[in-house]
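Q: what shape does this take:
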Amino acid sequence: MRACVERSVTRRGALVVLAIAVVAGPLTAGLIGIPGDDSGAADGSAADGSAADRSAADGSAVSAGDCSFGGPRSAARVWHELALEAIRRDEPNPTVHSRNLYHLSAAMWDAWAAFDPASTAVYVDEQATSTNIARARDDAVSLAAFVVLGERYADAVGGPETLETLRSVLAGTCGLDYGDPIDSNSAAAVGVRVARGVLAATVDDGSLERSGYEDPSYRPSNPLLAVAEPGTVMVDPNRWQPLTLAPAQTVGGLPHPGGEQSYVGPQWGSVETFAVPAASTAGLPVDPGPPPLITDPAFVEGVVDVLRASAGLEAGSAVIDISPAVMGNSPLGTDWGTGHAVNPATGRAYDTNVVDRADYARAIAEYWADGPASETPPGHWNLLANDVSDALAASGDLSIGGAGAPVDRLEWDVKLYLALNGALHDAAVVAWGTKRHYDYVRPISMIRYLGGRGELPHVDGLIETITADSARPGERHAHLSGFVGEVAVYAWRGAPADPRTETSGVGWIRAVEWVPYQQPTFVTPSFPGYVSGHSTFSRAGADVLTAFTGSPFFPGGIYRHPVPEGSLLHEEGPTRTFELQWATYQDAADEAGRSRIWGGIHVPVDDYPGRLMGAKCAELAWARAQDLFRS
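A: Okay, here's the model as predicted:
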């Protein structure tokens, strides 16, 4: 049962209208009870009619409870890591998970801010004091996070395991279990009320949460593309085409049923944002302008770019220096950078880092993929943020914006998560609004369609027509002799039978059978290409980290990610162990965008506008976050 009640709420002198709603269920009505707070009420309000702006009923300080977090991790970090675990168990839906991370972060911030008169909440502006502020904040943040995560992931894939984990952590850190009552005059009760308010205020934010985030209004322009069969039929070659995946095994040997893709998140451009202004055009908060259509030479150029990348996936064919000395430092929306002269942390030049080009290309395609069983792109940037925070904490340098006195770890974490996930949530909204508006085609459809019609341009050694001469025994197209007259492309051959021990490599294949460098259980995301969500998410995350830490550089001037020999998933590789390296957050974000071309998921025109949009999301989110921090 769901109910919603409109109430006027005074928020520290400002009269606003807040929709107070609580979902009746095990986590909000029955799991945590607050005597005297009428916690079982469907609207979540107290029996006396008060709502989100709450302080202790008698004006006294609220009591701190038993939540205790030993070691360097803050309460916010503990619950944040549980959120990332829940995401890994669930379907890889970046829009839903970015929204959940944002609302989790907002709830933890609102709970923390309840004990700071100088701060402003995002959704629920409680006011509280305590004789033990630090412990009270741990209590409030913990209960707020527990209720939000429990509500959002109870019915997700892996929900029972997630709920049991949440319950275990709550019992271990706060001494609470299902059904335990909470004193309404406690910091924990503040957290519960904050969580209820956040859930109520966001349930009808345009995401269609009540209907499982499904939007039946979208109808694809094109029929399904069966990946296992050659070619494709398209009614409109400019528009996205859903795929049919054949049954297959995952890399871990588990059966995957395959099936038809359905568009994930077509309504997301209409979801309420953190800082990006409301759309002037319905569902399109930021308009980057249209992508090139099939009649535009730039359309075909993008296809050729993807095929060149696919042809570069042959190990042993070339080497490349990926050191920050020569790679990175590009102006926004370009890949023109020539690297960094010195590491600012050491004052010395960066060491060379020469690797096999195909090893590098395949590694970044997989590292940044963030598909099934991952944190998804927004979660990936949360992981990087945690690594950065740990490095800065170790050096005692937790100064927000790189200036002023250092703050404690809880304050750092709740503020970083709010700014970061507010920006990443907005990145999902603006990117998916663009995806729905332009409904743009993906490379697998582009290449198969143009190849099947003989409309790919001839490029020696990359795109050629199979002839009787080229198909003679011993010639490059000999194995394609049954397809004389068709277009062949020099590209990755597709997933090997056993990717743990076999490598497909690169060779001449029929254009109508081309597939991206992906697992056969995934192939291409189930939403349109333009703009790249990875590019938008990544630049948003990078720019928030730059602003929040006060430096564009990773701590120590470099971030290293080891890629062990034989650790790739799509095929055997890399041929030796090496490191991915980035000097700045923005260098990492640019690589995330490029990785999607190597992986065959996007054409370059999807990438660069996404970077620009991500930068705007970060700029607006950081400005709003600062206003909330210092109000």
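Q: for the protein, which segments are assigned as strands?
A: 2-11, 14-23, 225-226, 243-245, 248-249, 255-256, 259-260, 319-321, 354-356, 463-465, 487-492, 506-510, 559-563, 578-582 (DSSP state E).
Q: report pLDDT for the residue nearest to residue 345 when sequence neighbours are not counted.
A: Nearest non-adjacent residue to residue 345, counting by CB to CB, 6 or more residues apart in numbering: residue 557, 3.6 Å away. Where C-beta positions appear, they are placed from N, C-alpha and C, glycine not excepted. Confidence at residue 557, expressed as pLDDT, is 98.
Q: residue 62 now?
A: pLDDT at residue 62 comes out at 82.
Q: residue contacts, the spatially closest residue to residue 308 that is not a sequence neighbour?
A: If you skip the residues right next to it in sequence, residue 308 has residue 462 as its closest partner in space, 6.5 Å away by CB to CB, 6+ apart. If a contact means CB atoms under 8 Å, 6 or more residues apart in numbering, then residue 462 has 304, 307, 308, 311, 489, 490 as its contacts.
Q: which residues of the stretch 51-200 of the chain score low on pLDDT?
A: 51-60 (pLDDT under 70).
Q: for stretch 194-202, C-alpha coordinates in CSV please.
A: What follows is stretch 194-202, C-alpha atoms only, in CSV (Å, rounded to 0.1, in the frame of the first residue of the first chain):
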residue,chain,number,x,y,z
VAL,A,194,15.1,11.4,6.9
ALA,A,195,15.1,8.2,4.9
ARG,A,196,11.3,8.1,4.8
GLY,A,197,11.2,11.7,3.7
VAL,A,198,13.7,11.1,0.9
LEU,A,199,11.9,8.0,-0.3
ALA,A,200,8.6,9.9,-0.2
ALA,A,201,9.9,12.9,-2.0
THR,A,202,11.4,10.9,-4.9
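Q: burial count for residue 399?
A: Residues contacting residue 399 under the criterion other CB atoms under 10 Å number 15.
Q: now swap in residue 171 and tell me
A: 13.
Q: can you tell me the closest non-neighbouring residue to it?
A: residue 177 (5.2 Å).
Q: before we move on, what about residue 324?
A: Per CB to CB, 6+ apart, closest to residue 324 is residue 583, 3.7 Å.
Q: same check, this time on residue 130
A: In space, residue 130 is closest to residue 136, 3.7 Å off (CB to CB, 6+ apart).
Q: I'd say the one you found and residue 116 touch.
A: No. In this structure, residue 136 is not within contact of residue 116 by CB atoms under 8 Å, at 11.3 Å.
Q: hmm, which of the contacts of residue 462 are the buried ones?
A: 304, 307, 311, 489, 490 (16 or more other CB atoms under 10 Å).
Q: find me the pLDDT at the second one, would you?
A: What the model reports as pLDDT for residue 307 is 98.
Q: ok, so what distance separates it from residue 450?
A: 10 Å (CB to CB, to the nearest Å).
Q: the last one too?
A: In this structure, residue 490 and residue 450 are separated by 16 Å, where distance is defined by CB to CB.
Q: what about residue 344, how many neighbours?
A: For residue 344, using other CB under 10 Å, the count is 14.
Q: give me the nearest residue to it, chain neighbours excluded.
A: Leaving out its chain neighbours, the residue that sits closest to residue 344 by CB to CB, 6+ apart is residue 557, at 5.4 Å.
Q: how far away is that neighbour from residue 582?
A: 10 Å.
Q: who has more neighbours, those two?
A: Between residue 557 and residue 582, counting by other CB under 10 Å, residue 582 is the more crowded of the two (24 against 19).
Q: quick one: contacts for that one?
A: Contacts of residue 582 (CB under 8 Å, 6+ apart): 324, 328, 554, 558, 559, 588, 591.
Q: excluding chain neighbours, what is closest to the fifth one?
A: Nearest residue to residue 559, sequence neighbours excluded (CB to CB, 6+ apart): residue 582, at 5.1 Å.
Q: and the gap between the one you found and residue 468?
A: Taking CB to CB, one finds residue 582 at 50 Å from residue 468.
Q: related to what we said a few turns ago, now the residue nearest to residue 559: how far from residue 339?
A: Distance of residue 582 to residue 339, computed by CB to CB: 11 Å.
Q: what sits in contact with each of those two?
A: Joint contacts of residue 582 and residue 339 (CB under 8 Å, 6+ apart) are 324, 328.
Q: for residue 600, which non-adjacent residue is closest in space?
A: residue 516 (2.5 Å).
Q: number of residues surrounding that neighbour?
A: Counted with other CB under 10 Å, residues neighbouring residue 516 total 27.
Q: can you tell me which of the contacts of residue 462 is closest to residue 129?
A: Checking those against residue 129 with CB to CB, the nearest one is residue 308 at 63.1 Å.
Q: show me which residues of stretch 238-251 are buried.
A: 238, 239, 240, 241, 242, 243, 244, 245, 248, 251.
Q: top helix in this protein by residue count?
A: Scanning the chain for the helix with the most residues, using DSSP state H, yields helix 409-438.
Q: which strands and helices sit next to that helix?
A: Contact here means 3 or more CB pairs under 8 Å, 6 or more residues apart in numbering; DSSP states H and E; on that basis helix 409-438 packs against helix 75-89, helix 94-113, helix 133-153, helix 376-394, helix 533-549, helix 604-630.
Q: for residue 266, find the nearest of the ones you listed.
A: helix 94-113 (9.9 Å).
Q: elements contacting the closest one?
A: When contacts are defined as 3+ CB pairs under 8 Å, 6+ apart, helix 94-113 packs onto helix 75-89, helix 133-153, helix 187-202, helix 376-394, helix 409-438, helix 533-549.
Q: cutoff 10 Å now
A: helix 75-89, helix 133-153, helix 187-202, helix 376-394, helix 409-438, helix 533-549, helix 604-630 (3 or more CB pairs under 10 Å, 6 or more residues apart in numbering; DSSP states H and E).
Q: the last one - what's its average pLDDT?
A: Rounded to a whole number, the mean pLDDT of helix 604-630 is 98.
Q: now do that helix against helix 94-113, angle only.
A: Angle, helix 604-630 to helix 94-113, by axes from the mean of the first three to the mean of the last three CA atoms, to 10 degrees: 10 degrees.
Q: buried stuff in helix 604-630?
A: Those would be 604-622, 624-626, 628-629, for helix 604-630 by 16+ other CB under 10 Å.
Q: distance of residue 105 relative to residue 413?
A: Residue 105 is 9 Å from residue 413, by CB to CB.
Q: what's the overlap in contacts for the two?
A: 76, 80 (CB atoms under 10 Å, 6 or more residues apart in numbering).
Q: looking at residue 136 and residue 116, which one has more neighbours?
A: More neighbours surround residue 136 than the other of residue 136 and residue 116, with 28 against 16 (other CB under 10 Å).
Q: list the residues that contact that one.
A: 61-65, 67, 111-112, 114-115, 128-130, 186-188, 190-191.
Q: how does it look with 8 Å?
A: 62, 63, 64, 115, 128, 130, 187, 190.
Q: which of those residues fall within helices?
A: Counted as lying in helices by DSSP H, out of these, are 187, 190.
Q: out of the contacts of residue 136, who's nearest residue 219?
A: residue 190 (46.3 Å).
Q: nearest spatial neighbour of the closest one, skipping sequence neighbours?
A: residue 140 is the one closest to residue 190 (CB to CB, 6+ apart), at 4.5 Å.
Q: what subset of the contacts of residue 136 is buried?
A: 62, 63, 64, 115, 128, 130, 187, 190.
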